[in-house]
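> sequence plus the predicted model coming up.
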Amino acid sequence: MRSQEKDKPTVDLVTGATSAIGRAVVKRLLKRGDEVRVLVKEQPSDIGAWKSMPTGVIPYVADLTLKNSTDKQVLEEATTGVDNIFHIAAAVYNYNNTYQTLIQVNVEGTENLLNAVVKSNDDNKELQFIFVSSISIYGHHRKGEILTEESDAKPETPYAKSKYVAEQVVRSVSFAHRNLQHTILRLGTLYGPGYEKPSFCKIFGLIKKGNFRYVGRGDNHMTLIYIEDAADALVLASESKNALNKIYNLTDGEPHTQQSLVKLAANHLNVEMPSRHISSLLAKLGRRAKNINIDEYDFIVSDRIISIDSIKKDLKFSPKAKMNIEGVKMIDSCF
């Protein structure tokens, strides 16, 4: 929401600001004239992701899991006087992060941030907590359904479970404090500049070498969202009262299938279209040989059709990116 104080800029805090989507959100907030604070785990430097951070942001160094003795105080300082909190930071499930790590970062970290927001601001100050969640909370296999925000959650993976629990934490704290509004956005799989997922490149590499096999029939639906479109949606959520205390699905709204994405890649790489298939069971058993982790495998075999009617209606959100243009750029980035 915009600042309620006349002649004062809107103050935003962004977590996960060094990620590609975080930087995209920060750029938009700076462009509209906001004071932008960012929460980072390490001191800013001229190396790493901080190099791509737009100038003009105010950094606060703290770990959301409160590992350090100063973290709690820094969180309270970072959240004092804010109008919007964009909580993008999250841990994903991989070989380095256990389920316990996901609970600590995605659930307890979110709760620690919310507690700081509540403690450091007057009860009369209007605040908005914009939380980035995931469509994975619906489960990976919902064939025959069109999933809306009211559809039952069926989280299967550690990441999905941690995100769904974090959603409940956000809603619980928000409803307990009338001045703290929330907006939850359930994102599809991100792609775009700065978000060249290794999983995509692994798949494109298999297609280029002629080693790709469709998992199952290949007609399963896969949900994506271009990073710049996702950033637009997050900022739109902070500008409309329609978004207060709402949950939105956020994808590009396109009916991508395993077959359509493979066809796009094969045509662009000028290689023969794959024709072989493998059962999901054999693919799951053999994924390690192809260096594909469980979340990457679940993306390939996921089958979900997601409705974005609510966010289009309430926030006038309209995805701009086209897979046949931005998808080709993503393919090129892998080679």
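The structure has been received and is ready for your questions. Numbering: from 1, shown residues only.
> burial of residue 184, as a residue count?
Under the neighbour criterion other Cβ atoms under 10 Å, residue 184 is assigned a count of 26. For every residue, glycine as well, the C-beta is placed using N, CA and C.
> what are the contacting residues of the helix or strand hosting it?
Counting by DSSP states H and E, the element that carries residue 184 is strand 180-187. With contact meaning Cβ atoms under 8 Å, 6 or more residues apart in numbering, strand 180-187 is reached by 1, 114, 117-118, 126-135, 137-138, 149, 167, 170-171, 173-174, 225, 230, 233-234, 237-238, 243-251, 311.
> 6 Å instead, please
127-135, 167, 170, 174, 225, 230, 237, 243-250 (Cβ atoms under 6 Å, 6 or more residues apart in numbering).
> same thing with stretch 283-301?
Counting contacts by Cβ under 6 Å, 6+ apart, the residues outside stretch 283-301 that touch it are 93-94, 140, 189, 199, 215, 280.
> now the terminal residues of that stretch, how far apart.
10 Å (Cα to Cα, to the nearest Å).
> what residues of it count as buried?
Applying a neighbour-count criterion of 16 or more other Cβ atoms under 10 Å, one finds 283-284, 287, 290, 292-301 buried in stretch 283-301.
> burial of residue 279, as a residue count?
Residue 279 has 11 neighbouring residues, counting by other Cβ under 10 Å.
> mind listing what it touches?
The contact partners of residue 279, by Cβ under 6 Å, 6+ apart, come to none.
> run through the helices of the chain in chain order.
Ranges of helices in the chain, per DSSP state H, are 20-31, 71-79, 99-102, 109-120, 158-176, 198-209, 227-237, 258-269, 280-286, 294-301, 309-315, 328-333.
> mind putting those helices into TSV with distance to residue 61 and mean pLDDT?
What follows is the helices of the chain, written out as TSV (distance: least, Cβ to Cβ, whole Å; pLDDT from 0 to 100):
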stretch	distance to residue 61	mean pLDDT
helix 20-31	15	96
helix 71-79	7	98
helix 99-102	20	93
helix 109-120	14	98
helix 158-176	23	97
helix 198-209	28	86
helix 227-237	23	98
helix 258-269	40	95
helix 280-286	41	81
helix 294-301	29	78
helix 309-315	33	98
helix 328-333	31	90
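> in TSV, list those helices along with distance to residue 89.
Listed next are those as TSV, based on distance: least, Cβ to Cβ, whole Å:
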stretch	distance to residue 89
helix 20-31	8
helix 71-79	12
helix 99-102	12
helix 109-120	7
helix 158-176	11
helix 198-209	20
helix 227-237	13
helix 258-269	28
helix 280-286	30
helix 294-301	18
helix 309-315	22
helix 328-333	23
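> okay, those, which one's buried deepest?
Mean neighbours per residue, mean count of other Cβ atoms under 10 Å, is largest over those for helix 227-237, with a mean of 23.
> from the buried residues of stretch 283-301, pick the one nearest residue 80.
Out of the buried residues of stretch 283-301, the one with the shortest distance to residue 80 is residue 295. That distance is 36.3 Å, counting by Cβ to Cβ.
> burial count for residue 56?
When counting by other Cβ under 10 Å, one arrives at 12 neighbours for residue 56.
> revised request: answer the last question for residue 96.
The number of residues packed near residue 96 is 8, by other Cβ under 10 Å.
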